[in-house]
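[1] just the structure for this:
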Amino acid sequence: MFRKLLAKFCTNHGNIVEEIISALESNDNEAAVHLAHTLKGVSGNIGARDLYLAAQSLEIAIKQQDGGKLHELLQVSTERVKQVISSSSMIDVSMEMEKTSDKETSDHDETFDASRLKPLFKELEASILESDTNAQNILATVRGEVTTSLVKVELDQLNHLLDQYDFDEGFEILKVVVDKLDLA
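    Presented below is the predicted three-dimensional model:
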């Protein structure tokens, strides 16, 4: 479901900042406000918090006709849209890799000790929620404990996101891992 929402966002709103710029250049502030409001709503719906905050600020700046902030906010919003699109692409690749991995590992069942993993995952979750760079060290410990390939792709993706200091997206991937391992 989430993957479909991201795909729909990319298809329908991937160029929305350019549309806002075009509306502003045409002195159609009403359309620009409407587009910024749409971007804010859609980004909130998909959980893209950074994009939501950028779109919210952009909407306010357009309403207040604050030209001094507009250029910077348009740049920030463009970057945030690109991040969402990039994340969507990473999820698509991850899903394809997961399908391949599932086929390769379906013949054997790998086990793990849930009682040992739960505290580690709680610690990792807290660290990610606090945007603590120590999350990378905790993840390294988790990866050493998790021997199942069931979540290898997600743990690799989580490692990449933490390397990029993208704690929000990392938290979303962590929730997927916890679900797959039934550690909730």
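[2] who touches Glu172 in this structure?
    Applying C-beta atoms under 8 Å, 6 or more residues apart in numbering to Glu172 gives the contacts Gly47. No exception for glycine: its C-beta is placed from N, CA and C like everyone else's.
[3] show me where pLDDT drops low in the protein?
    Within the chain, the stretches with pLDDT under 70 are 1-3, 88-112.
[4] would you map out the domains in it?
    Per automatic domain parsing, the structural domains of the chain span 2-90, 109-180.
[5] and the longest one, how far from the chain's centre?
    Here the centre of mass of C-alpha atoms in domain 2-90, compared against the chain's by C-alpha atoms, centre = their mean, to the nearest Å, lies 15 Å away.
[6] got it, and stretch 173-183?
    That offset, for stretch 173-183, works out to 16 Å (C-alpha atoms, centre = their mean).
[7] quick one: buried residues of it?
    Neighbour-count burial for stretch 173-183, counted by 16 or more other C-beta atoms under 10 Å, picks out Ile173, Leu174, Val176, Val177, Val178, Leu181.
[8] of all pairs in those, which one is the farthest apart?
    Ile173 and Leu181 (12.7 Å; C-beta to C-beta).
[9] what's the closest residue to Gln136 other than its chain neighbours in contact with, if anything?
    Distances taken as C-beta to C-beta, 6 or more residues apart in numbering put Leu162 closest to Gln136, at 5.0 Å, once the chain neighbours are dropped. The contact partners of Leu162, taken as C-beta under 8 Å, 6+ apart, are Ile128, Thr133, Ala135, Gln136, Leu139, Gly170.
[10] what sits up against the strand or helix carrying Leu58?
    Element membership for Leu58, per DSSP states H and E: helix 49-63. Contact with helix 49-63 is made by 20, 24, 29, 32-33, 36-37, 39-40, 43-44, 66, 69-70, 73-74, 76-77, 80-81, 83-84, 168, as judged by C-beta under 8 Å, 6+ apart.
[11] only whichever of those residues are buried, select them in PyMOL.
    Selecting only the buried entries of the contacts of helix 49-63 in PyMOL, with 16+ other C-beta under 10 Å as the criterion:
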select buried, resi 20+24+32+33+36+37+39+40+43+70+73+74+76+77+80+81+83+84+168
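[12] which elements pack onto the helix or strand containing His34?
    For His34, the host element (DSSP H and E) is helix 29-45. Judged by 3 or more C-beta pairs under 8 Å, 6 or more residues apart in numbering; DSSP states H and E, helix 29-45 is in contact with helix 2-13, helix 16-25, helix 49-63, helix 67-105.
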